[in-house]
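> Just to be clear, the model below is a prediction. Sequence and coordinates:
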Amino acid sequence: MDYQQLAERLFPQIQLTPDDIEARYPARQLPEGAKVTRIAPSPTGFMHMGNLYGAIVDERLAHQSGGVFYLRIEDTDQKRLVEGGIDTILSVFHRFGLQFDEGATKEGDHGVYGPYQQSKRGEIYQTYVKALVAQGKAYPCFCTEEELNAMRSEQEARKEITGYYGSYARCRTLSMEEVEKRLDAGEPYVIRFRSEGSTERKVPFTDLIKGKLELTENDQDIVILKRDGLPTYHMAHVIDDYLMGTTHVVRGEEWLPTLPIHLQLFDALGFKRPKYAHTAQLMKMDGTSKRKLSKRKDPEFALDYYFETGVPIAGIIEYMMTLLNSNFEEWRLANPMADLDAFRFTTAKMSGSGSLFDLDKMHDVCKNVISRMSADEVYEQVSAWAAQYDPDFAAIWTANPTYAKQILSIGRGGKKPRKDITLWSDVKSYVSFFYDELFTPDFTQMPSAIPQETVRQILTDYSQQYRPEDDSSAWFERIKAMCPAYGFASEMKQYRQNPQDYAGHVGDLSMVLRVAVCGRSQAPDLYTVMQLLGQDTVRERLARAAQTISA
Ligand code: GLU
């Protein structure tokens with residue numbers, strides 16, 4: 001039996017050749033410089049910040065260059081699959097607004113470079129593996145799990161590098177007769193790649209993020225096809241990214257150590273290599289030291305966390321851009337209202353070492369992003385969030401959209417917009433005093449220097465004085481005019497000059513009214529609030545506060 005015959009014996013079902021396959025994947029017709037990128041998550045049911053981080057890089061590289069951004073589902077590890085895992089991937093990316101040009105969708109494949117789900121590409125992988133076997137570049141390995149474990153223990157005991165290489169690669173040197181005998185006996189096998197590499201040699205390599213690197217060649221005969229007929233990540237990555245025309249592979253730096261394997265496979269298969277960008281891990285501060293964001297310890301690692309807590313998607317993307325490109329923040333300062341697409345993203349500005357992920361900073365960014373949104377947009381986003389996570393509030397909030405948008409319009413627009421909202425989940429408490437159903441006043445927030453009796457008097461007095469038809473200056477004049485009766489300064493300036501001459505000032509008086517009407521000391525412009533609440537509610541609240549305080 002020669003290699004060709006061995007290949008036939010191992011893959012009788014495969015009648016295609018690599019040329020047949022390649023004919024199905026013509027070169028993409030794209031403008032000069034257009035990049036083709038992909039994200040290739042595994043449907044494990046868990047989507048995390050690392051997935052999003054990489055996806056943004058891919059999306060920007062492709063769409064900024066007039067290229068293609070596609071989604072491939074990497075489901076060759078059948079043990080890790082989770083029911084509904086693909087739907088989770090699709091819906092999470094959809095919620096983040098990532099637009100794929102092709103790839104897996106809920107309705108099946110979109111695009112002509114598929115199938116985009118690896119488990120449906122068995123024949124393609126096997127065709128290439130068969131060709132490698134026929135050329136003597138790959139061979140069947142019959143070693144059992146137990147044998148491999150024993151070998152590993154032996155290597156560890158001898159303090160040697162573990163793995164299948166050199167004299168440890170037993171099946172590499174099996175005679176054809178032996179192979180035939182074991183196949184005849186029906187022994188299960190995997191297919192391994194016959195490495196010609198040596199750890200004595202280095203592979204020079206330039207990564208788009210990490211720069212120039214010197215990697216040690218791979219001398220391990222890695223598994224390329226498993227017993228179930230599906231490839232390992234290494235083989236699948238090389239074949240798929242070649243056939244699908246990926247120009248730039250963006251992936252986590254955990255793949256850097258196995259890059260020499262991938263380069264070796266690209267060469268052995270005669271494929272042109274893509275460019276690689278290995279992204280640094282997301283880190284966080286834990287006490288005074290930095291560590292990797294962890295699935296187990298950090299709820300904020302999971303993308304679900306952001307949906308539940310109502311972090312605005314636009315804020316997350318904006319924050320991720322600050323982590324991804326060192327010049328982004330500066331650009332944003334100079335272009336506060338510009339669309340993100342106007343920023344020129346580049347891998348050259350990405351940090352080669354771990355970016356520090358900081359939830360507080362993200363919240364800060366969110367606050368700014370929301371402050372720049374229109375009231376309509378905030379209304380829609382809050383409604384969508386509440387519909388899913390707080391239906392009781394959603395019912396109150398969406399009952400009168402015009403009113404809700406008027407509330408959101410307070411202090412919106414202009415150079416210095418208000419920044420009251422960080423999360424969609426903040427809105428309920430921020431707007432609660434605008435809704436009788438949610439109004440839970442805290443009168444302990446009344447200015448403490450003013451005696452209760454005075455507070456009560458101010459409230460009853462103001463109820464008489466209050467004229468709902470006042471414009472904002474008449475409204476304020478009326479409040480000022482009340483001051484002398486209580487020994488308060490009606491101008492702050494007067495008070496500051498001689499505080500000892502006064503029992504308080506106009507600000508204190510307004511605060512009494514604010515706490516009565518809003519039930520709290522922190523609230524937006526009181527005149528506007530009162531206009532929105534309407535005179536009945538204002539009067540009711542003044543009376544209720546006066547009563548509660550005197551009681
Ligand atoms: N399926 C791999 C992962 O989830 C993808 C790595 C890659 O992008 O090539 O880590």
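That came through fine. Numbers count the residues shown, from 1 in each chain.
> how close does the closest residue to G122 other than its chain neighbours sit to the ligand?
Distance criterion C-beta to C-beta, 6 or more residues apart in numbering; nearest residue to G122, sequence neighbours excluded, is G229 at 5.6 Å. Backbone N, C-alpha and C define where each C-beta goes, glycine included. Distance, G229 to the ligand, by C-beta to the nearest ligand atom, to the nearest Å: 19 Å.
> next one: D184
37 Å.
> In contact with that residue: list those residues for me.
By C-beta atoms under 8 Å, 6 or more residues apart in numbering, D184 lies in contact with nothing.
> need the residues of the stretch 101-250 of the chain near the ligand, please.
Applying C-beta under 6 Å from any ligand atom, we find that the stretch 101-250 of the chain lies next to the ligand at H237.
> which parts of stretch 141-158 are buried?
141-143, 151 (16 or more other C-beta atoms under 10 Å).
> do the same with stretch 491-511
For stretch 491-511, using 16+ other C-beta under 10 Å, the buried residues are 494-495, 502, 504-506, 508-511.
> Pull the number of nearby residues for the residue in the stretch 51-200 of the chain positioned nearest to the ligand.
Using C-beta to the nearest ligand atom, the single residue of the stretch 51-200 of the chain nearest to the ligand is E74, 3.6 Å away. Look at E74: counted by other C-beta atoms under 10 Å, it has 19 neighbours.
> same thing with the one 10 residues further on?
Counted with other C-beta under 10 Å, the neighbours of G84 add up to 11.
> now do G166
15.
> Check the gap between it and P26 for me.
Distance of G166 to P26, computed by C-beta to C-beta, to the nearest Å: 41 Å.
> Please, where are all the helices along the stretch 251-400 of the chain?
Counting by DSSP state H, counting those that start in this stretch, the stretch 251-400 of the chain has helices at residues 259-269, 303-309, 313-324, 328-334, 359-371, 375-389, 391-399.
> Identify the residue nearest the residue in the stretch 301-450 of the chain that the ligand sits nearest to in space, chain neighbours excluded?
Relative to the ligand, the nearest point of the stretch 301-450 of the chain is L303 (14.0 Å; C-beta to the nearest ligand atom). The shortest distance from L303 to any residue that is not its chain neighbour, by C-beta to C-beta, 6+ apart, is 4.5 Å, and that residue is M47.
> Ok, Y306 next?
I316 (5.9 Å).
> Over to A280?
Per C-beta to C-beta, 6+ apart, closest to A280 is G354, 4.6 Å.
> doesn't M285 make contact with that neighbour?
No: the criterion here is C-beta atoms under 8 Å, and G354 misses it with M285 at 11.3 Å.
> neighbour-wise, which of these two wins?
Comparing G354 with M285 by neighbour count (other C-beta under 10 Å), the higher total belongs to G354, at 17 against 11.
> got the CA positions of stretch 421-439 in CSV?
Output of stretch 421-439 as CSV, limited to C-alpha atoms (Å, rounded to 0.1, in the frame of the first residue of the first chain):
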residue,chain,number,x,y,z
ILE,A,421,-28.9,58.8,32.9
THR,A,422,-26.2,56.2,32.7
LEU,A,423,-28.2,53.0,32.3
TRP,A,424,-31.7,52.4,31.0
SER,A,425,-32.4,50.9,34.3
ASP,A,426,-31.7,54.3,35.9
VAL,A,427,-34.6,56.0,34.2
LYS,A,428,-37.3,54.6,36.4
SER,A,429,-35.9,56.2,39.5
TYR,A,430,-34.9,59.4,37.7
VAL,A,431,-38.4,60.0,36.4
SER,A,432,-40.3,58.5,39.3
PHE,A,433,-41.6,61.8,40.7
PHE,A,434,-43.3,62.5,37.3
TYR,A,435,-45.6,59.6,37.9
ASP,A,436,-48.0,59.4,40.9
GLU,A,437,-47.7,55.6,40.8
LEU,A,438,-44.0,55.9,41.4
PHE,A,439,-43.8,58.9,43.6
